[in-house]
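sequence and predicted model, in that order:
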Amino acid sequence: GHYELVFRNYPESDLVPESLWRAGSLLVRLSDWTGGATVFTRLANLEQDHVYPARARQELARCLAESGDARQALLLLDALDNLFPTTDSNELQARLFVRALALHGMGRHGDALRTLTRADEMGTAPEWEASAMELRATAFEHFDRPGDAARAWLRLTQLLDGAHRDEAFVNAARLAQA
């Protein structure tokens with residue numbers, strides 16, 4: 001809330017982009033996808049120059065995919081790739097993970113797995129590992145591969161804690177019975 005106050009109370013400040021970035025990042029950490037989408041939309045549409053135009057759109061696409069608007073997320077990712085092409089491997093990998101989330105959300109599970117494989121070929125990305133593993137698990141379930149899905153859910157238990165971890169254990173056990 002304090003970060004968003006900078007945007008509201010001092011809209012001309014040079015600190016606005018940084019405050020919006022931090023506010024959006026915190027909302028994403030809390031899995032508040034709607035709130036994150038709102039903040040990243042503000043950041044992406046700022047008229048002042050800043051260092052976050054591409055990253056804000058990427059995070060906006062992630063929030064859209066996570067909140068169920070996968071089609072809009074894919075459209076945004078396509079626009080992002082056209083407006084802000086990159087050769088940075090970390091940024092490319094992050095975009096691939098977001099694209100995989102959006103493809104999965106559209107029911108294109110095979111395309112999502114192929115996109116994840118492309119991202120994995122670029123190395124490990126700890127910030128995306130849990131989301132990618134959950135996506136793999138549900139995609140494997142869709143393709144009736146319970147063994148692979150169970151292993152993915154078990155791997156996910158190592159990356160999560162609390163209720164999310166318990167849910168991953170339950171899913172792994174359910175699939176192990178299959």
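Nice, thanks for sending it over.

so how far is residue 118 from the residue nearest to residue 104 when sequence neighbours are not counted?
Leaving aside its chain neighbours, residue 104 sits nearest to residue 112 (4.0 Å; criterion: Cβ to Cβ, 6 or more residues apart in numbering). In short, each C-beta sits where N, CA and C put it, glycine included. Distance of residue 112 to residue 118, given as Cβ to Cβ, to the nearest Å: 11 Å.

of the two, which one has the most company?
Each of residue 112 and residue 118 has its neighbours counted (other Cβ atoms under 10 Å); residue 112 has more, 25 against 15.

and the contacts of the helix or strand harbouring residue 147?
Element membership for residue 147, per DSSP states H and E: helix 146-157. Applying Cβ atoms under 8 Å, 6 or more residues apart in numbering, the contact partners of helix 146-157 are 130, 133-134, 136-138, 140-141, 165, 168-169, 171-172, 175-176, 178.

nearest spatial neighbour of the residue most central in space within the chain, skipping sequence neighbours?
What sits nearest the mean C-alpha location of the chain, by Cα atoms, centre = their mean, is residue 62, with 4.0 Å. Once flanking residues are discounted, residue 62 sits nearest to residue 98: 4.7 Å by Cβ to Cβ, 6+ apart.

just the local confidence number for the one you found, please.
Listed pLDDT for residue 98 reads 96.

contacting residues for the residue nearest to residue 104?
Residue 112 neighbours (Cβ under 8 Å, 6+ apart): 100-101, 103-104, 135, 139.

what's around residue 165, how many residues?
Residue 165, neighbours per other Cβ under 10 Å, totals 14.

where's it, which helix or strand?
Using DSSP H and E, residue 165 maps to helix 162-177.

ok, now which residue in this structure is the farthest from the centroid?
Largest separation from the mean C-alpha position in the chain: residue 177, at 30.5 Å (Cα atoms, centre = their mean).

quick one: that one from residue 109, how far?
22 Å.
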